[in-house]
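In: Everything below, folded, please.
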Amino acid sequence: MSKRAGPALGPEPRKLDDATIEVIANAIRAGANVQDAAHHAGVSKASLMDWLAYGRAARVEGITTIYSTLLDRVERARADCKLESI
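Out: Residues are numbered from 1 along each chain as shown. Got it, this is the predicted structure:
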């Protein structure tokens with residue numbers, strides 16, 4: 001379950017859920033950049049960038065949020081994409 005520790009960790013997500021995270025991660029794993037992955041998921045690049053920033057803030061605080069889960073999945077997808085290209 002996500003914990004909320006203040007506004008620096010982001011607002012309650014409106015469009016971000018497990019299904020959206022999956023779409024974004026799959027797009028990045030397939031080689032999409034952030035803008036294309038956001039578009040594919042039906043969100044703006046600015047929203048995705050904000051969500052990733054909230055994930056980094058949560059990570060610094062040592063808590064798990066939907067934003068830190070997104071960040072983890074995006075980082076894993078980027079690594080998978082790099083490994084597949086070797």
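
In: tell me the contacts of the closest residue to Gln35 other than its chain neighbours?
Out: Spatial nearest neighbour of Gln35, chain neighbours left out: Lys45 (4.5 Å); criterion: Cβ to Cβ, 6 or more residues apart in numbering. C-beta coordinates here come from the backbone N, C-alpha and C atoms, glycine included. Counting by Cβ atoms under 8 Å, 6 or more residues apart in numbering, Lys45 touches 34-35, 38-39.

In: which among those residues end up buried?
Out: 34, 38 (16 or more other Cβ atoms under 10 Å).

In: Helices - which of the contacts of Lys45 land there?
Out: 34-35, 38-39 (DSSP state H).

In: Now stretch 12-26: buried residues?
Out: For stretch 12-26, by 16+ other Cβ under 10 Å, it's 13, 16, 20-21, 23-25.

In: Would you mind pulling the contact partners of it?
Out: Residues contacting stretch 12-26 (Cβ under 8 Å, 6+ apart): 4, 37-38, 40-43, 47-48, 51, 66-67, 69-70, 73-74, 76-77.

In: redo that, cut-off 10 Å
Out: 2, 4, 10, 32, 34, 37-38, 40-44, 47-48, 50-52, 54, 65-67, 69-78, 80 (Cβ atoms under 10 Å, 6 or more residues apart in numbering).

In: ok, back up a step: pick the one among the contacts of Lys45 closest to Ile86.
Out: Ranked by distance to Ile86 (Cβ to Cβ), the contacts of Lys45 are led by Val34 at 21.8 Å.
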